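Asker: For reference, the sequence and a predicted model appear below.
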Amino acid sequence: MANNFRSRANVNIETTGNTIYTCPSATQTTLIGMTIANKSTGTVTANIHLRRSGVDYVLIANVPILSGSTLVPIGGEQKLVLEAADQLRANSSTNNTIDIIASLLEIS
């Protein structure tokens with residue numbers, strides 16, 4: 001079994017949604033940290049969900065993030081396990097206002 005730490009940086013999240021990460025085949029991934037930063041001059045809301053077999057499971061819904069602030073929905077004691085083909089997805093209330101960095105451990 002190979003263990004590989006990965007980082008995914010996603011800029012300019014859109015209202016229509018972005019795929020942050022897709023778990024590779026024959027792999028399990030542990031999401032060990034996620035930071036969402038609001039780089040705009042106003043408050044925006046963020047949504048994060050896990051897409052598994054075409055079904056979206058909400059992790060955070062319409063959470064406000066103040067201008068210049070960050071939100072850490074995953075980290076510390078909170079972890080999330082993704083299975084092969086699972087997608088981590090995000091969207092923002094306003095285009096190009098938030099960036100997301102995810103830290104992951106892939107086990108294959």
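Answerer: Happy to help now that I have it. Numbers count the residues shown, from 1 in each chain.
Asker: Find the nearest non-adjacent residue to Ser108, please.
Answerer: Counting by Cβ to Cβ, 6 or more residues apart in numbering, the nearest residue to Ser108 once its immediate chain neighbours are dropped is Thr27, at 4.3 Å. For every residue, glycine as well, the C-beta is placed using N, CA and C.
Asker: Spit out the contact partners of that neighbour.
Answerer: Contacts for Thr27 (Cβ atoms under 8 Å, 6 or more residues apart in numbering) come out as Ala84, Glu106, Ile107, Ser108.
Asker: List buried residues within those residues.
Answerer: Among these, the ones that count as buried by 16 or more other Cβ atoms under 10 Å are Glu106.
Asker: Now intersect the contacts of Thr27 with the strands, please.
Answerer: Judged by DSSP state E, these include Glu106, Ile107 as members of strands.
Asker: Is it possible to get a markdown table of the contacts of Thr27 that adds distance to Ser53 and pLDDT?
Answerer: Formatted as a markdown table, those follow (distance: Cβ to Cβ, whole Å; pLDDT from 0 to 100):
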| residue | distance to Ser53 | pLDDT |
| --- | --- | --- |
| Ala84 | 11 | 97 |
| Glu106 | 20 | 98 |
| Ile107 | 20 | 97 |
| Ser108 | 20 | 93 |
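Asker: From the contacts of Thr27, pick the one nearest Ala37.
Answerer: Glu106 (23.8 Å; Cβ to Cβ).
Asker: any idea how far the closest one is from Arg6?
Answerer: Distance, Glu106 to Arg6, using Cβ to Cβ, to the nearest Å: 6 Å.
Asker: next one: Thr70
Answerer: 20 Å.
Asker: for Asp86, same thing?
Answerer: With distances taken as Cβ to Cβ, Asp86 is found 14 Å from Arg6.
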